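J.: Take this sequence and fold it.
(chains A, B and C)
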Amino acid sequence: MNDPQAIIRQLLAWYDKHHRDLPWRTSPAAAARSRRPDPYHVWLSEVMLQQTTVQAVKPYFAKFLALWPTVKDLAAAPTEDVMAAWAGLGYYARARNLKKSAEAVAEEHDGVFPDTEDGLRKLPGIGDYTAAAVAAIAFDRQAPVMDGNVERVVSRLYAIDAPLPASKPAMKVRVRELTPEKRPGDFAQAMMDLGATICTPRRPACAICPIREHCLAFAEHDPERFPVKAAKKDKPIRAGAAFVAVNPEGEILLRRRAESGLLGGMTEVPTTGWTARENGGETADHAPFPALWEPCGTVTHVFTHFELRLSVFRTKADRRGGLDEWWEPVANLGAQALPTVMKKVISQAIPLAFEKHPT
DNA sequence: AATACGGGGAT
DNA sequence: ATCCCAGTATT
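T.: The predicted model follows:
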């Protein structure tokens, strides 16, 4: 029971047999023949996978590699292009940091990624998890990889009663104990695969778990009790108005958001501030310019820490844009760095805006 | 230690 | 509705 060597051996054996084939992975067999995966691919995938599901990442990963096959290509790309390509994936600071890191690797390391945890950790957007993951997976370093999946697996394996996130350091100690000298990258991916496919948050498939004989939570017959988490706060509601202006040329008025903060550097239609109170009856009085503003419903969008309700208005009127505003052909909206909430708003005002042949 | 930061899939 | 996801940066 709880023999580290046995856990490692059984987990790696399971991984050899059941590992998932993902675009940024090389198979364990190929890795065994010293065919390491491309560090650029590993880094790109790991950043995209931060708080994001595999299914959501797959098409973005393919798009980025098609647009920018190497880290030097990405470093040379216009930031607006990177933001537009990232649009819809969320957590847009990741895209800004991705570009900064690519520039650092291209300029300071001649396009070669640092091959240690410490070296990787210095790049913007790379924290403890990603530094360890890239070091282990791409460079075969014995680095302790701990993400949400690993936290769940470890908390069950050792029946850790202390709540997250305070118990994180203690869990990291356990991960460090387990991480093997040989095949640390496969071990890390095995732990994450186990968490994603068997040791799931609800109804874990203990019956087919390769390490259940070592699991204290399984022995207690209540694995779902773990990981214990601190209570979370409730979500406030904010409200505002959004304005979709289309001129006679079939162009829509857009503007760029501030570089930092919520949806930083992304594109939006003009909106009022998003007040802290619920539905303040936002009206056309707050429009960016005087016109016949026609109400066309509301859009609700849930962010991590608040829920947003936007009243949408539209007009066919025209006006010159300000410094941070421009008129964009509706047919070209697909190439813009529009976050999902803005696509919802525009679709509300112009139902066919994102179709192949917009009206 | 707490908070800000997207979006979507599973239940 | 609720949870959670191959987390990081800032305060």
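J.: list the helices and strands the helix or strand bottoming out on mean pLDDT in chain A packs on?
T.: When the helices and strands of chain A are scored by mean pLDDT, DSSP states H and E, helix A:28-32 comes last with a mean of 83. For helix A:28-32, the contact count by 3 or more CB pairs under 8 Å, 6 or more residues apart in numbering; DSSP states H and E identifies helix A:4-18, helix A:184-197 as packing neighbours. (Each C-beta comes from the backbone N, C-alpha and C, glycine too.)
J.: want to throw those helices into a markdown table with mean neighbour count and distance to A:P288?
T.: Converted to a markdown table, these look like this (neighbours: other CB atoms under 10 Å; distance: least, CB to CB, whole Å):
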| stretch | mean neighbour count | distance to A:P288 |
| --- | --- | --- |
| helix A:4-18 | 16 | 55 |
| helix A:184-197 | 22 | 45 |
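J.: out of these, nearest to DNA strand C?
T.: helix A:184-197 (4.2 Å; CB to the nearest atom of the strand).
J.: Going along the chain from the closest one, find the next helix or strand for me.
T.: helix A:216-219 (DSSP states H and E).
J.: Tell me where the stretch 201-350 of chain A has strands.
T.: A:237-245, A:251-256, A:267-268, A:294-302, A:307-315, A:325-329 (DSSP state E, counting those that start in this stretch).
J.: does the third one come close to DNA strand B?
T.: No. On the criterion CB under 7 Å from any atom of the strand, strand A:267-268 is out of touch with DNA strand B, staying 10.5 Å away.
J.: Pairing partners for that strand, with directions?
T.: Paired with strand A:267-268 in the same sheet, following DSSP bridges, are strand A:251-256 (antiparallel).
J.: Can you give the contact residues for the partner strand?
T.: Outside of strand A:251-256, the residues within contact range by CB atoms under 8 Å, 6 or more residues apart in numbering are A:243-247, A:265-270, A:288, A:319, A:321-322, A:324-330, A:333, A:336, A:346, A:350, A:353.
J.: Filter these down to the buried ones, PyMOL style.
T.: Buried members of the contacts of strand A:251-256 can be picked out in PyMOL with the line below, counting by 16 or more other CB atoms under 10 Å:
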select buried, chain A and resi 243+244+245+246+265+266+267+268+269+270+288+321+325+327+328+330+333+336+346+350+353
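J.: Run a quick neighbour tally on the closest residue to DNA strand C within chain A.
T.: Residue of chain A nearest DNA strand C, by CB to the nearest atom of the strand: A:G127 (2.5 Å). By the measure other CB atoms under 10 Å, the count of residues near A:G127 is 11.
J.: just A:T52 next, same as before
T.: If we define neighbours as other CB under 10 Å, then A:T52 has 15 of them.
J.: How about A:K229?
T.: 12.
J.: Bridging across strands, which residues link to it?
T.: Applying DSSP bridges, one finds that A:K229 bridges with A:L164.
J.: wait, it sits on A:A166?
T.: No. If you go by CB atoms under 8 Å, A:K229 and A:A166 don't touch, sitting 10.1 Å apart.
J.: In the stretch 1-150 of chain A, where is pLDDT below threshold?
T.: A:1 (pLDDT under 70).
J.: residues from it in reach of DNA strand B?
T.: A:Q51, A:T52, A:T53, A:Q55, A:A56, A:A87, A:G88, A:L89, A:G90, A:Y91, A:Y92, A:A93.
J.: Just give the closest residue to the last one, not the sequence neighbours.
T.: Counting by CB to CB, 6 or more residues apart in numbering, A:G264 is the residue found nearest to A:A93 once chain neighbours are left out, at 6.5 Å.
J.: Report the contact partners of that neighbour.
T.: A:Y92, A:A93, A:R96, A:R257, A:A258.
J.: Pick the one among those closest to A:E282.
T.: A:R257 (18.4 Å; CB to CB).
J.: can you list the domains in chain A?
T.: Here the domain parsing of chain A from automatic domain parsing is A:4-225, A:237-349.
J.: what about the first one, how long is it end to end?
T.: Between the start and the finish of domain A:4-225 there is a gap of 23 Å, counting by CA to CA, to the nearest Å.
J.: what does chain A have sitting close to DNA strand C?
T.: Counting by CB under 7 Å from any atom of the strand, the residues of chain A close to DNA strand C are A:20, A:22, A:25, A:45-46, A:49-54, A:91, A:93, A:97, A:124-131, A:133, A:147-149, A:151-152, A:189, A:192-193, A:195-196, A:201, A:229, A:232, A:304.
J.: Out of these, which end up buried?
T.: Counted by 16+ other CB under 10 Å, the residues of chain A next to DNA strand C give A:25, A:45-46, A:49-50, A:97, A:125-126, A:128-131, A:133, A:147, A:149, A:151-152, A:189, A:192-193, A:195-196 as buried.
J.: Among those residues, which lie within strands?
T.: Per DSSP state E, strands hold no members of those.
J.: In stretch A:168-177, which of the residues would be classed as buried?
T.: A:M171, A:K172, A:R174, A:V175.
J.: What's the mean pLDDT across that stretch?
T.: Mean pLDDT, computed over stretch A:168-177, is 96.
J.: which outside residues touch that stretch?
T.: With CB under 8 Å, 6+ apart, stretch A:168-177 has contacts from A:4, A:144-146, A:150-151, A:154-155, A:157-158, A:160, A:162, A:191.
J.: one step back: need the max-distance pair from the residues of the stretch 1-150 of chain A next to DNA strand B.
T.: A:Q55 and A:A93 (22.0 Å).
J.: For A:D234, see how far away the residue of the stretch 1-150 of chain A found nearest DNA strand B is.
T.: The minimum distance from the stretch 1-150 of chain A to DNA strand B, using CB to the nearest atom of the strand, falls at A:G90 (2.7 Å). According to CB to CB, to the nearest Å, A:G90 and A:D234 sit 21 Å apart.
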